[in-house]
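**Q** Starting from these lines, generate the structure:
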Amino acid sequence: MKLSLSDKKVLLVAPQFFGYEQDIRSELERRGAKVDFLLDRPFASAFLKALTRWRRQWVIGAAQRYYQRHTDVNADYDYVFVVNGQTLSSHVLEQWREQFPNARFFLYMWDSFGNRKDVVANLRYFDHAFTFDRQDALDHGIHFRPLFFSSGFENPRVAEKQWDISFIGTAHTDRYSIVSKVSAGLAPSVRRYWYLYLQAPWVFWLYRLINPGFRSAEKSSFRFDPLTKADVQSVFFGSTAVLDIEHPQQTGLTMRTLETLGARKKLITTNASVRAYDFFNEDNICVIDRNAPIVPAGFLEAAYTDVDAAIYQRYRLEGWLDEILEKECS
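**A** The predicted structure is shown next:
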C-alpha cells in the first residue's frame with residue numbers, strides 16, 4: 001500500500017545538488033503534499049560550504065540561527081523529510097520534535113557516514129532512516145536504499161554521439177589522478193569530455209599544497225563554474241559511456257551511476273560494489289582498478305543491453321520515494 005500525501009504538510013531539508021532537491025520537492029507536491037523547503041548547508045560561499053565538511057562545529061551556530069529564523073513553527077507538519085542533515089544540530093532536531101509532535105521524521109543519507117560523522121548522533125531523532133551505502137546500513141542498523149535518477153535523465157530519443165567517454169564531477173580526493181590515468185590509457189581516436197569542477201580557484205591552489213595527486217596539475221584542467229543539470233544531461237545523451245569515480249571512503253553508488261542507468265548509457269566505474277546490484281550487466285558496466293584504471297579494448301564499441309523494466313522503475317525518483325514512504329505503511 002502506498003502512503004497518500006494528499007493535503008499533507010511536509011518540511012523538506014536538503015542540500016542544493018544539481019537541482020535534485022527541487023526534483024524531490026516536485027515529486028512530493030505531485031503526490032498532493034504542501035512542501036516547505038529549507039537548505040541543508042545554508043551558505044552561499046564556497047568557503048563556508050567547504051568549512052561545513054571539515055569544521056562543522058565552526059558553522060553550526062550560523063546554521064542553527066538559519067533554521068530558527070526560517071522554520072514555520074505553526075505549520076503542524078505531518079512529515080519532516082531530511083536529506084543528509086549535515087548542518088542540523090541536535091538542538092534544532094529536539095526543538096522540531098517538540099514543535100511538531102505529530103510529525104514523522106525521515107532521514108535519507110546520500111553521503112556516507114565516513115564523510116558525515118556528526119550525523120550519526122542524530123539518528124535517534126528519526127522514525128525512519130535510510131542510506132545509499134550498504135555498509136553504513138549494516139553498521140548503524142538503518143535501511144539500505146540506493147539513490148535514484150530524475151526523469152530528465154531518461155533519454156527519449158537517439159542522440160548523436162559526440163563523445164565516446166565523458167566525466168563530470170567535483171575534483172575531490174584522487175579523481176583528477178584517475179581521470180588523467182584513464183585518459184592516458186585511451187587510444188588517441190577516442191573522443192573524451194572531462195569536466196573536473198572545483199568550487200573556486202583558491203581550492204585548486206589549496207589542493208596543490210595538500211593533495212599529492214595535484215602536484216603536477218595545471219589550473220587549466222579544471223572548471224570553476226558548475227554545470228546545470230540540463231548541461232549534464234546533454235553530455236550524457238551525447239556520450240557512449242560515462243566514467244564514475246566514487247569517494248574512496250564510500251561503498252554506496254554515486255548519483256552518476258544511477259543517472260547513467262537512467263540515460264541507458266554504458267558505465268565505467270571504480271566502484272566494485274556495483275556488481276552486487278540488480279541492474280549490473282557486464283555488457284553495460286566495466287569496473288576498473290582505482291590504481292591502474294584501464295578501459296578494456298572493445299568495451300566502448302559493444303552494444304548496450306537494456307535492463308528489465310521493473311528494475312528501471314525502481315531506480316526512478318518515483319520508485320525511490322515509493323520505497324522510502326512505504327516504510328511508514330509497513
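
**Q** so who does residue 257 touch?
**A** By CB atoms under 8 Å, 6 or more residues apart in numbering, residue 257 lies in contact with 147, 244, 267, 269, 271, 274. C-betas here are computed from N, CA, C, even on glycine.

**Q** Go through these and flag which are in strands.
**A** Counting by DSSP state E, these place 244, 267, 269 in strands.

**Q** Format those as a markdown table; extra columns: pLDDT, neighbour count and distance to residue 153.
**A** Listed next are the ones in strands among the contacts of residue 257 as a markdown table, based on pLDDT from 0 to 100; neighbours: other CB atoms under 10 Å; distance: CB to CB, whole Å:
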| residue | pLDDT | neighbour count | distance to residue 153 |
| --- | --- | --- | --- |
| 244 | 97 | 23 | 14 |
| 267 | 98 | 26 | 13 |
| 269 | 98 | 23 | 16 |
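
**Q** Looking at the residues you listed, which one is closest to residue 199?
**A** Checking the ones in strands among the contacts of residue 257 against residue 199 with CB to CB, the nearest one is residue 244 at 20.4 Å.

**Q** Not counting its neighbours along the chain, what's nearest the closest one?
**A** residue 269 (4.1 Å; CB to CB, 6 or more residues apart in numbering).

**Q** So what sits opposite the one you found in the bridge?
**A** With DSSP bridges applied, residue 269 shows beta-bridge pairing to residue 244, residue 287.

**Q** contacting residues around it?
**A** So residue 269 contacts 243-246, 257, 285-288 (CB under 8 Å, 6+ apart).

**Q** Where is the longest strand in the protein?
**A** In the chain, taking DSSP E as the definition, the longest strand is strand 163-170.

**Q** and that one, what does it pack onto?
**A** helix 175-185, strand 192-197, helix 229-237, strand 239-244 (3 or more CB pairs under 8 Å, 6 or more residues apart in numbering; DSSP states H and E).

**Q** Using PDB, list the CA coordinates for whichever helix or strand comes after the last one.
**A** So the one you mean is strand 239-244. Next in sequence after strand 239-244, counting helices and strands by DSSP states H and E, comes helix 255-262. In PDB, the C-alpha atoms belonging to helix 255-262 read as follows (Å, rounded to 0.1, in the frame of the first residue of the first chain):
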ATOM      1  CA  MET A 255      24.300   9.700  -8.300                       C
ATOM      2  CA  ARG A 256      26.200   9.500 -11.500                       C
ATOM      3  CA  THR A 257      25.800   5.700 -11.600                       C
ATOM      4  CA  LEU A 258      22.100   5.900 -11.400                       C
ATOM      5  CA  GLU A 259      21.900   8.800 -13.900                       C
ATOM      6  CA  THR A 260      23.900   6.600 -16.300                       C
ATOM      7  CA  LEU A 261      21.300   3.900 -15.800                       C
ATOM      8  CA  GLY A 262      18.500   6.400 -16.400                       C
END
